[in-house]
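Participant: any chance you could fold what I've pasted below:
(chains A and B)
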2 protein chains.
Amino acid sequence: MLHDTFVLKGNFLFTPTPDQLALHPDSYLLCKEGRTAGLFPQLPEAYRDLPLHDHGDKLILPGLVDLHVHASQYAFRGMGMDLELLDWLESNTFPEEGKFADPVYAQAAYEIFVRDLTRSATTRACVFATIHRPATLVLMRMLEEAGLPCLVGKVNMDRNSPDFLRETTQASLEETRQWLAESAAFSLVRPILTPRFIPSCSDELMAGLGQLQREFGLPAQSHLSENLSEIQWVADLCPGTSSYGQAYDQFGLFGGDCPTVMAHGVWSSPAEQKLMGERGVFLAHCPQSNENLSSGIAPVKDYLRQGLRVGLGSDVAGGAHLSLFRAMTDAIQCSKLRWRLVDETIPPLTLPEALYLATKGGGAFFGKVGSFEPGYEFDAVVLDDSTLPTPRELTLAQRLERVVYLSDGLPCAKYAAGRRLF
Amino acid sequence: MLHDTFVLKGNFLFTPTPDQLALHPDSYLLCKEGRTAGLFPQLPEAYRDLPLHDHGDKLILPGLVDLHVHASQYAFRGMGMDLELLDWLESNTFPEEGKFADPVYAQAAYEIFVRDLTRSATTRACVFATIHRPATLVLMRMLEEAGLPCLVGKVNMDRNSPDFLRETTQASLEETRQWLAESAAFSLVRPILTPRFIPSCSDELMAGLGQLQREFGLPAQSHLSENLSEIQWVADLCPGTSSYGQAYDQFGLFGGDCPTVMAHGVWSSPAEQKLMGERGVFLAHCPQSNENLSSGIAPVKDYLRQGLRVGLGSDVAGGAHLSLFRAMTDAIQCSKLRWRLVDETIPPLTLPEALYLATKGGGAFFGKVGSFEPGYEFDAVVLDDSTLPTPRELTLAQRLERVVYLSDGLPCAKYAAGRRLF
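Facilitator: Residues are numbered from 1 along each chain as shown, chains lettered A, B, ... in the order given. A predicted model of the protein is given here:
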């Protein structure tokens, strides 16, 4: 599959900034060698001979970006929800992840995940696999073949984990190095360092991962300040640090030269927020997971105002839904409750802000991704809202809001990195 | 269509009490003249000649009950969500409801609502129409023909409303009386008195509706303590009353001899809660609407503990979704946030409690509805979860939780009041 050059026709909607919803009805978007190269009200003469994908009156958005999802937890999404984080990990998550030692089970489980991710409006994701190298490579191969340009991590865990899901420090580092070598086989899917979280990674392991990061110039992903019990545990484990974020930072795994995305930040202290800003750390806001595991509500509107880099995560299986449309409305709804019940100085998120988080906000972790501005990688999803009948005449902005709130977000056509997937 | 006598086969799940999930795998449920008459692990000899509806390994739940939905707002669900209650009424709701003066528009709009309600897992609902008698009768006729035993209200509004949506007091009462006479044409669908809320009904109108209630022995529905600005407005309008609830009670429209369901109760004072308990008022908990309109989170678990009568409402279009499964998970998620952020003495709702609210809790407003215990009206929905593949073996309770969290809740078969709808 080579990158294509072609023209897309339809109603284009995107967010150049968090507070700006750009509407281009009945327009033409040029894709040139995998990147957007112009959005026109009429098709310029020079492009009349290019292939035209005419999507009529449908809505076309940038592909959505999921900054935090556990592929290995997809099998138990929507189950065991009546627990908090640490109990939920012990009861649900770890036993399931242990099964991925068996590549046959991994194949069956990941096939369901990749099938559903392919059908969804998500074009890119930061994905947690498990500690198992062979199973992680199975997942990467599937995503590569599906045409989804994801970042995938073999997870590292060498302490505070059940026997069946704990590596020795040395094995964890060696397996990671071998996995990185084998990952070179993929062109679309790339590896991302994935220490599970501070409680499951010893200082020696974190130091070794920091070295690998610098040797290979890798991005990293992990968890940050999700739940109050977890934060207390990290403080107990890392007595010399001033914040959960600093516990990563001391090993060079908190932004800076190491492009880093951290999930949650529900309870990040002012000092931690400041460090995130200084290091350019991305935050994956996962509102549904934060509801399901009784964690709380991250002050995302305030993070946006501070200029922090924020996107959205489904956090399956803390979140039950893969749909980023659902994550958008969850984010808006939670921000309204936080405004009403916790802090009336931080107003709720708006729909354009939520779309920004799900596209350009999270997309920036992948480079120029998440917008139809010139030079952006060509990720697009086409949505058919004629399946939602109404007696009213709707504006484009109303049609967008309705699709976001009502649909499961299954597009009728999808493009990633300039390739049409269906 | 006569009530049927037949046997249903499948996996039955229901909640005799809020904390008890009854599981009857691979069992037989007898429907005798429209009512459940026994649930058996093997089919008794005496019933072997009855028609058998074999639903195999599918899940069978009591039909869900929506205690609060505005049929006339269905056309703009999922739109205009970035507003609070009173602004949202002015900008979105009232202009849309005004259109129902035209029976042609009403026909087109209500057709979409009734089609979607029919397909859903909801078998019964307390429905707001608009102030327009002809359009309300159009809706009642459609629901009757669809086989959905709903309570439907012509809305009353004679003050603080736009000209195009305000009746004179006399016309409101006369139209209501005529509507009640015309409603006698229906057998499955019944009328319910529907003063919109205190701010849009004068004392004279409320007194007249109270008289109609006593004359016809009617149930009533309205709104209660949803939003802080609204509550302040009611206090200003009714200086002699001790609570919003008492503003209804002074006209005999708050429970007691008048079976009453009130939507919301987000901010009900202890005195109002006490009055609800004394009068047996039902509360329709509408968590998604309370999120979307930034109202807050009702302390539903506490209401259950107090023995108050509570069910769930979709509150379309304050809520965007007609699905009561969605309302169940919204209720659980909101209760977790309330526990974490507002009051740790009130624990989150559990999945069985949420199912209870959506079935037997709300069903009690309709009589013996919402359970598979003997003597209950036969409402049932059959759910096919084989469309949600998983590599795991699941228990019945796990399958239920997954269906509630993941599905849009479209059943593959549906029964209401002993009749099979599809």
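Participant: show me the contacts for A:Arg177.
Facilitator: If you count contacts by CB atoms under 8 Å, 6 or more residues apart in numbering or on different chains, A:Arg177 has them with A:Leu212. Glycine gets a C-beta too; all of them are placed from N, C-alpha and C.
Participant: so it is in which element?
Facilitator: If you go by DSSP states H and E, A:Arg177 is part of helix A:169-183.
Participant: A:Glu393 belongs to a strand?
Facilitator: No: assessed with DSSP: H, G, I helix; E, B strand; the rest coil, A:Glu393 is coil; it does not lie in a strand.
Participant: that one and A:Asp116, how far apart?
Facilitator: The gap separating A:Glu393 from A:Asp116 is 34 Å, by CB to CB, to the nearest Å.
Participant: the strands in the stretch 51-200 of chain A, which residues?
Facilitator: Here the stretch 51-200 of chain A has its strands, by DSSP state E, counting those that start in this stretch, at A:52-62, A:64-70, A:122-128, A:151-153, A:155-156, A:190-191, A:194-195.
Participant: how about a markdown table for the ones you listed, with mean pLDDT added?
Facilitator: Shown next, in a markdown table, are those (pLDDT from 0 to 100):
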| stretch | mean pLDDT |
| --- | --- |
| strand A:52-62 | 98 |
| strand A:64-70 | 98 |
| strand A:122-128 | 98 |
| strand A:151-153 | 98 |
| strand A:155-156 | 98 |
| strand A:190-191 | 98 |
| strand A:194-195 | 98 |
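Participant: mean neighbour count and distance to A:Pro239 for those strands - can I get that in JSON lines?
Facilitator: Below are these laid out as JSON lines (neighbours: other CB atoms under 10 Å in any protein chain shown; distance: least, CB to CB, whole Å):
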{"stretch": "strand A:52-62", "mean neighbour count": "18", "distance to A:Pro239": "44"}
{"stretch": "strand A:64-70", "mean neighbour count": "29", "distance to A:Pro239": "28"}
{"stretch": "strand A:122-128", "mean neighbour count": "28", "distance to A:Pro239": "28"}
{"stretch": "strand A:151-153", "mean neighbour count": "27", "distance to A:Pro239": "28"}
{"stretch": "strand A:155-156", "mean neighbour count": "26", "distance to A:Pro239": "22"}
{"stretch": "strand A:190-191", "mean neighbour count": "20", "distance to A:Pro239": "32"}
{"stretch": "strand A:194-195", "mean neighbour count": "27", "distance to A:Pro239": "19"}
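Participant: so can I have TSV of those showing distance to A:Leu43?
Facilitator: Formatted as TSV, the strands of the stretch 51-200 of chain A follow (distance: least, CB to CB, whole Å):
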stretch	distance to A:Leu43
strand A:52-62	8
strand A:64-70	27
strand A:122-128	25
strand A:151-153	35
strand A:155-156	48
strand A:190-191	35
strand A:194-195	44
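Participant: so for B:Arg338, which of those strands sits nearest?
Facilitator: Of all the strands of the stretch 51-200 of chain A, it is strand A:64-70 that lies closest to B:Arg338, at 24.8 Å by CB to CB.
Participant: what is the closest one packed up against?
Facilitator: strand A:122-128, strand A:260-264, strand A:282-285, strand A:309-312, helix A:324-341, helix A:362-363 (3 or more CB pairs under 8 Å, 6 or more residues apart in numbering or on different chains; DSSP states H and E).
Participant: give me the sheet partners of the second one and which way each runs.
Facilitator: Which is strand A:260-264. strand A:220-224 (parallel), strand A:282-285 (parallel) (DSSP bridges).
Participant: distance-wise, check A:Lys32 relative to chain B.
Facilitator: 35 Å (CB to the nearest CB, to the nearest Å).
Participant: nearest residue to that residue in space, please, no chain neighbours.
Facilitator: Among residues not flanking A:Lys32 along the chain, A:Thr5 sits closest, at 5.2 Å (CB to CB, 6 or more residues apart in numbering or on different chains).
Participant: so how far is chain B from the one you found?
Facilitator: For A:Thr5 relative to chain B (CB to the nearest CB), the value is 36 Å.
Participant: determine the set of other helices and strands touching the least confident helix or strand in chain A by mean pLDDT.
Facilitator: The weakest-scoring helix or strand in chain A, judged by mean pLDDT, DSSP states H and E, is helix A:85-88 (a mean of 90). Judged by 3+ CB pairs under 8 Å, 6+ apart, helix A:85-88 is in contact with helix A:228-237.
Participant: now the helix it packs on: buried residues?
Facilitator: A:228, A:230-231, A:233-234, A:237 (16 or more other CB atoms under 10 Å in any protein chain shown).
Participant: which two from those end up farthest apart in space?
Facilitator: Greatest spatial distance among the buried residues of helix A:228-237 (CB to CB): A:Leu228 and A:Leu237, at 15.1 Å.
Participant: got the buried residues of helix A:228-237 as CSV, with distance to A:Glu373 and pLDDT columns?
Facilitator: As requested, the buried residues of helix A:228-237 are exported to CSV (distance: CB to CB, whole Å; pLDDT from 0 to 100):
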residue, distance to A:Glu373, pLDDT
A:Leu228, 40, 95
A:Glu230, 38, 96
A:Ile231, 38, 96
A:Trp233, 43, 97
A:Val234, 39, 97
A:Leu237, 43, 97
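Participant: who's in contact with the residue nearest the centre of chain A?
Facilitator: Nearest to the mean C-alpha position of chain A, by CA atoms, centre = their mean, lies A:Leu67 at 1.6 Å. Listed by CB under 8 Å, 6+ apart, the contact partners of A:Leu67 are A:125-126, A:261, A:263, A:282, A:284, A:311-313, A:362, A:365.
Participant: now with 6 Å?
Facilitator: By CB atoms under 6 Å, 6 or more residues apart in numbering or on different chains, A:Leu67 lies in contact with A:126, A:261, A:284, A:311, A:313, A:362.
Participant: A:Ala397 too?
Facilitator: Per CB under 6 Å, 6+ apart, neighbours of A:Ala397: none.
Participant: the residue nearest to A:Thr93 when sequence neighbours are not counted: neighbour count?
Facilitator: In space, A:Thr93 comes closest to A:Gln73 once its chain neighbours are excluded; the distance is 6.1 Å by CB to CB, 6+ apart. Neighbours of A:Gln73 under the rule other CB atoms under 10 Å in any protein chain shown: 21.
Participant: counting contacts, what elements does the helix or strand containing A:Tyr356 pack onto?
Facilitator: Element membership of A:Tyr356, judged by DSSP H and E, is helix A:351-356. Helix A:351-356 is packed against strand A:6-17, helix A:324-341, with contacts defined by 3 or more CB pairs under 6 Å, 6 or more residues apart in numbering or on different chains; DSSP states H and E.
Participant: if you count neighbours, what's buried in the shortest one?
Facilitator: The reference is to strand A:6-17. Under the neighbour-count criterion of 16+ other CB under 10 Å, strand A:6-17 has A:6-15 buried.
Participant: show me which pair in the residues you listed is furthest apart.
Facilitator: A:Phe6 and A:Thr15 (23.8 Å).
Participant: the residue in the stretch 301-422 of chain A that chain B sits nearest to and B:Asn292: what is the separation?
Facilitator: Of all residues in the stretch 301-422 of chain A, A:Tyr405 sits closest to chain B, at 3.2 Å by CB to the nearest CB. Look at A:Tyr405 and B:Asn292: by CB to CB, they are 9 Å apart.
Participant: repeat for A:Leu143
Facilitator: Separation of A:Leu143 from B:Asn292 (CB to CB) stands at 35 Å.
Participant: over to A:Phe113?
Facilitator: 30 Å.
Participant: comparing these two, which residue is more hemmed in?
Facilitator: Neighbours per residue (other CB under 10 Å) separate A:Phe113 from B:Asn292, with B:Asn292 holding more: 27 against 23.
Participant: with adjacent residues omitted, what lies nearest to A:Asn290?
Facilitator: Leaving aside its sequence neighbours, A:Asn290 sits nearest to A:Val266 (CB to CB, 6+ apart; 5.5 Å).
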